[in-house]
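Engineer: model the structure of this input:
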Amino acid sequence: MSQAISAPMSEDDHHFVMIPLSQGKFTIVDAADAEMILGMGKWCAIRAPRTYYAVRNEGIPQRRVYMHALIAGFKRPDHVNRNGLDNRRVNLRPATASQNNANRGPGQRGTSRYKGVCWDKNRRKWRAYVGVNRRAVYLGLFDDPEDAARAYNQAALLTFGEYAWLNPVSPLPS
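Structural biologist: The predicted structure follows:
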C-alpha cells in the first residue's frame, strides 16, 4: 500500500492527508489526525448504499471500527458533504439517526429522481412527502415533479434545518 499524501486544500485551510484504502480508494483526514490513523494499521474501504466508508476490524470477536466515528469522538457522526471518505473534522458533526437520514439524497428505486417525491398512479399526479419519525407526512399532489420537489425542500428545511438534503431545483420566481 502506498504512503499517505499531505497537501493544503486552499490557502485558508489546514493541511489534510490522503490515506490509501482498499479498492483503490482514498480517505482524507486532517493532518493532526493522520499519525493516529496511520499508527492503527490497515484501513479498508467498504461500500454502503450511497457512499464508501473507511473501516478496520479489530479485537476478538472482531468488531468494525469506522474512521469517522473514531476521529469525531461520538457515536453517530454525519458527513456534512455526504462523502463518507471525507473524514476531516470540519466535515463531521453529531447527528441523531433522524438527522443522519435527513442528509441522505434520494433513493435509487423511486419513481422520481427527487427525494420525497413519487408518482401516484391512481391520481396521475406527483405526490410530495417528508419522512418524520419513520412516518411519511403528506405534502400534497402536483402536476409537475419539480413543484413537488420544491414542496419537499420547504418542508425539509423547516423540519431538519441544516441537516436537510435539498433537491436540486430552482425556486419559483417571486
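Engineer: in contact with residue 99, which residues?
Structural biologist: 78, 160, 163 (C-beta atoms under 8 Å, 6 or more residues apart in numbering). Where you see a C-beta, it was placed from the backbone N, CA and C, and this is true even at glycine.
Engineer: tell me the helix or strand right after the lowest-mean-pLDDT helix or strand in the chain.
Structural biologist: Scoring the helices and strands of the chain by mean pLDDT, DSSP states H and E places strand 5-8 at the bottom, with a mean of 54. The helix or strand immediately downstream of strand 5-8 is strand 15-20, counting by DSSP states H and E.
Engineer: neighbouring strands - and their directions - for that next one?
Structural biologist: strand 5-8 (antiparallel), strand 26-30 (antiparallel) (DSSP bridges).
Engineer: assign residue 131 to helix, strand or coil.
Structural biologist: Of the three states, residue 131 takes strand under DSSP: H, G, I helix; E, B strand; the rest coil.
Engineer: run a quick neighbour tally on it.
Structural biologist: Other residues lying near residue 131 total 18 when counted by other C-beta atoms under 10 Å.
Engineer: nearest residue to residue 48 other than its sequence neighbours?
Structural biologist: residue 84 (6.5 Å; C-beta to C-beta, 6 or more residues apart in numbering).
Engineer: OK, contacts around the one you found?
Structural biologist: 48, 51, 52, 53, 54, 68.
Engineer: repeat the analysis, applying 7 Å as the threshold.
Structural biologist: Residues in contact with residue 84, defined by C-beta atoms under 7 Å, 6 or more residues apart in numbering, are 48, 51, 52, 53.
Engineer: before we move on, what about residue 167?
Structural biologist: So, once contact is read as C-beta under 7 Å, 6+ apart, residue 167 ends up touching 114, 115, 149, 152, 153.
Engineer: and it, what helix or strand is that in?
Structural biologist: For residue 167, there is no enclosing helix or strand under DSSP H and E.
Engineer: report pLDDT for it.
Structural biologist: Per-residue confidence (pLDDT) for residue 167: 95.
Engineer: before we move on, what about residue 3?
Structural biologist: Reading off the model, residue 3 has pLDDT 58.
Engineer: tell me how far the nearest residue to residue 40 once chain neighbours are set aside lies from residue 47.
Structural biologist: Leaving aside its chain neighbours, residue 40 sits nearest to residue 56 (6.6 Å; criterion: C-beta to C-beta, 6+ apart). In this view, residue 56 and residue 47 are 16 Å apart by C-beta to C-beta, to the nearest Å.
Engineer: before I go, just wanted to say thanks for your time.
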